[in-house]
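[1] Show me the folded form of this:
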Amino acid sequence: MSKGLILCATEFEMARFLGEQPLVKGKTPSGLTLYSGILEDIPFDCMISGPGVFNTAHALTVYLEHTRPTLILDTGIAGAFASFGFGDDDVEGVRIGDIGIAAREQYIHAVAGCHTPAAGLPFDLIKNQPLTRQGIYPSDPGLLDLYHGIFTRELAGPIARGDFITVSSITASHHHAQKIYNRFFPAMEAMEGAAAFHVAALYDVPVIEIRAASNFVGERDKDRWDFPLACDRVRQICEIVIANGFKLE
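    Next up is the predicted model:
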């Protein structure tokens with residue numbers, strides 16, 4: 001039977017989910033942590049990649065060389081661009097604890113030295129996928145609609161749906177957050193998503209990225225971050241995707 005794959009950077013982000021499931025913990029030959037389990041008769045694996053694009057690319061490649069999952073769920077916590085006043089309660093946007101689904105991922109360092117977001121590399125990062133010149137990886141529109149509908153129904157609340165960006169380090173000031181937003185107009189930032197999309201595309205495996213906001217981008221005071229809430233929302237994300245059988249349509 002085919003199984004789904006949950007991909008996450010750290011066990012910390014997955015702690016609420018892992019703590020409630022009777023999973024078997026193992027290791028890959030390269031030392032990566034891999035959990036396996038069955039929930040509501042749905043088999044799945046959970047790979048802990050380590051943070052950042054390089055660890056994610058390595059971990060997912062190791063996994064896909066031996067197993068082809070039905071669907072990859074890339075998940076974890078993320079920083080939110082509150083629409084986009086960075087925490088101003090008077091504006092609408094993604095809030096701490098909100099769940100967001102990536103309409104597309106962009107590795108912004110692919111165009112970091114370019115004058116405009118439309119300018120990019122002089123070659124495709126993936127052959128015949130010209131958007132990868134800008135580090136852009138669109139989500140499958142059908143999967144995006146499907147999971148946005150599922151989460152909207154099951155959680156009875158607004159589910160953010162927008163562009164995500166992948167960065168090499170957390171944006172640490174409101175000034176830089178505003179500059180990034182003015183250029184890319186993202187809903188969330190994290191450090192792994194583009195790598196998951198890139199490797200999934202190389203292996204032609206469906207992927208969806210769904211994350212929970214733990215903080216506002218540019219907020220350096222971690223006393224204002226809410227890790228427990230975001231990690232509990234990651235638990236909900238995983239349970240909902242599993243309960244729906246990692247469905248593709």
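[2] in stretch 182-189, what's buried?
    F184, P186, A187, M188, E189 (16 or more other Cβ atoms under 10 Å). Every residue, glycine included, has its C-beta placed from N, CA and C.
[3] do you know how far the closest residue to the second one other than its chain neighbours is from P206?
    Distances taken as Cβ to Cβ, 6 or more residues apart in numbering put I165 closest to P186, at 4.4 Å, once the chain neighbours are dropped. Taking Cβ to Cβ, to the nearest Å as the measure, I165 and P206 are separated by 21 Å.
[4] okay, the two: which has more neighbours?
    Remark: of I165 and P206, I165 carries more neighbours, 30 against 17, as counted by other Cβ atoms under 10 Å.
[5] Find out how far the strand or helix carrying I101 is from the centre of the chain, if you would.
    Here I101 sits within strand 99-107, counting by DSSP states H and E. How far strand 99-107 lies from its chain's middle: 7 Å, per Cα atoms, centre = their mean, to the nearest Å.
[6] pLDDT on stretch 26-37, on average?
    The average pLDDT for stretch 26-37 rounds to 92.
[7] Confidence-wise, which helix or strand of this protein is lowest on average?
    Across the helices and strands of the chain, mean pLDDT, DSSP states H and E gives its lowest value to helix 174-184, namely a mean of 88.
[8] quick one, helices of the chain?
    11-18, 53-64, 141-155, 174-184, 193-203, 227-243 (DSSP state H).
[9] wait, which of these is closest to D221?
    Within the helices of the chain, the stretch nearest D221 is helix 174-184; the backing value is 11.4 Å (Cβ to Cβ).
[10] Show me what that closest one packs onto, helices and strands only.
    If contacts are counted by 3 or more Cβ pairs under 8 Å, 6 or more residues apart in numbering; DSSP states H and E, helix 174-184 sits against strand 160-166.
[11] So what are the sheet partners of the strand it packs on and their directions?
    Paired neighbours of strand 160-166 in the sheet (DSSP bridges): strand 99-107 (parallel), strand 188-190 (parallel).
[12] pLDDT below threshold where in the chain?
    By pLDDT under 70, the weakly predicted segments of the chain are 1, 83-93, 113-119.
[13] again, 80 this time
    1, 82-93, 112-119, 156-158 (pLDDT under 80).
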